[in-house]
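Trainee: any chance you can model this:
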Amino acid sequence: MRAIYILLFIAIASVAAGLHWASMIYFKSQEVEKASARLTLHRNTLLSELRHFAHLPFLLSQDPVVAETIDARDTSDLDRRLARFAQSAGLDAIYLMDSQGLTVSASNAASSNSFKGQNYAFRPYFQEALRGELGEFYGIGATTGIPGYFYATSVRAAETGAEGVIAIKVDLSELQDNWQASGERIILANEDGVVLLASDPSWRYRTLGALSKSQRERILASRQFGAEALVPLTWAANTIEQTASIGGEELLYLRTGDLPNSWSLHFFAPDDQVVTRAWLTTGTFLALILMAFSAFQVSRVRRMRTA
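Mentor: Residues are numbered from 1 along each chain as shown. Below you'll find the model as predicted:
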């Protein structure tokens, strides 16, 4: 009889272990599906924010007043014009540079951190715009110290043939504020693995991996992140298991690289619900087995008494 009980105990334990494992997989797949939906939502929001202003530099470059002010001596009228436009469009700044990168007019000309008179020829967006491309760049402002996303396109004066670049600066901090308010853990990193935006402010301007010498030299040349040390973030990800360790926590982990500029969006979700629901399922199974065993024992005792 004892051998039967031992075998029965082993069988029940094996079934319980298998049920717990299957429950973990099932409930994890549900949480991953929820996290994937949230990641898609944040990705679409980011894309919408980025593309909302992408057409403005081209529209501004077609403005005759902008084009004819590239080599004008007095740019105060354009300063005021750009200031009004920036305010109505919700932009951080709009500014016009000549072919050498010198800012000749700016929407913030009246502020203490005016771009006017500053030279931004070292910025990649300026160089791309001069080549006839749409310049795009994220970095900490060389004048203001405030990060933003820059768009730029070339400008040519019809009468004089003077060339220049018109640029706008977009503030993306509201995205980060929304991430913090939601309580979700999110990271936006660029192609070098530098964290641009994060729900945890301490993760910002950390790197997802060690930077090479050439990467650091390129970043320094463009003054993209100012004086930030760009030290690696303490984290580890297992893309096969879809888990990551970050901030001392073990979390579910999803990422998408389907973003402009080879950026990547990383989403972390707690897995405590997975563990709790798996143990609850296993506990319910064991409780039912115990109840069935108790009922069997009571029935057995009654039969023995009757006999």
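Trainee: how about the strands in the stretch 151-300 of the chain?
Mentor: With strands called from DSSP state E, counting those that start in this stretch, the stretch 151-300 of the chain shows them at 163-170, 185-189, 195-198, 235-238, 243-246, 249-256, 264-270.
Trainee: want to throw those into TSV with distance to residue 135?
Mentor: For every residue, glycine as well, the C-beta is placed using N, CA and C. Listed next are the strands of the stretch 151-300 of the chain as TSV, based on distance: least, CB to CB, whole Å:
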stretch	distance to residue 135
strand 163-170	7
strand 185-189	20
strand 195-198	17
strand 235-238	32
strand 243-246	33
strand 249-256	24
strand 264-270	21
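Trainee: can you list the ones you listed in JSON lines and add mean neighbour count?
Mentor: Output for those, formatted as JSON lines (neighbours: other CB atoms under 10 Å):
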{"stretch": "strand 163-170", "mean neighbour count": "25"}
{"stretch": "strand 185-189", "mean neighbour count": "24"}
{"stretch": "strand 195-198", "mean neighbour count": "21"}
{"stretch": "strand 235-238", "mean neighbour count": "14"}
{"stretch": "strand 243-246", "mean neighbour count": "18"}
{"stretch": "strand 249-256", "mean neighbour count": "18"}
{"stretch": "strand 264-270", "mean neighbour count": "21"}
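Trainee: so which of those strands is nearest residue 97?
Mentor: Taking CB to CB as the criterion, strand 163-170 is the member of the strands of the stretch 151-300 of the chain that comes nearest to residue 97, at 4.7 Å.
Trainee: can you tell me the strand partners of the closest one and which way each runs?
Mentor: Paired neighbours of strand 163-170 in the sheet (DSSP bridges): strand 93-98 (antiparallel), strand 147-156 (antiparallel).
Trainee: helix or strand right after the first one?
Mentor: It refers to strand 93-98. Note on strand 93-98: by DSSP states H and E, the next helix or strand toward the C-terminus is strand 103-106.
Trainee: which strands and helices sit next to that following strand?
Mentor: Contacts defined by 3 or more CB pairs under 8 Å, 6 or more residues apart in numbering; DSSP states H and E place strand 103-106 against helix 76-89, strand 93-98.
Trainee: which residues are contacting stretch 178-193?
Mentor: Stretch 178-193 has contacts (CB atoms under 8 Å, 6 or more residues apart in numbering) with 38, 42, 46, 138, 175, 195-201, 203, 207-209, 211, 215, 219, 246-247, 251, 261-269.
Trainee: dump the residue contacts of the residue nearest to residue 252 when sequence neighbours are not counted.
Mentor: For residue 252, the nearest residue in space outside its immediate sequence neighbours is residue 269; the separation is 4.4 Å by CB to CB, 6 or more residues apart in numbering. Residue 269 makes contact with 31, 34, 35, 38, 184, 185, 251, 252, 253, 254 under the criterion CB under 8 Å, 6+ apart.
Trainee: between those residues, which is nearest residue 75?
Mentor: Top of the list for closeness to residue 75, among the contacts of residue 269 and by CB to CB, is residue 184 at 44.6 Å.
Trainee: what about the closest one, how many residues nearby?
Mentor: 17 (other CB atoms under 10 Å).
Trainee: hang on, the earlier thing: check what pLDDT the residue nearest to residue 252 gets.
Mentor: For residue 269, the pLDDT comes out at 84.
Trainee: again with residue 38
Mentor: We note a pLDDT of 91 for residue 38 in this prediction.
Trainee: I'd like to know how far it sits from residue 169.
Mentor: If you measure residue 38 against residue 169 using CB to CB, to the nearest Å, the figure is 29 Å.
Trainee: residue 83 now?
Mentor: Spatial separation of residue 83 from residue 169 under the definition CB to CB is 13 Å.
Trainee: again with residue 132
Mentor: The value you get for residue 132 to residue 169, if CB to CB is used, is 21 Å.
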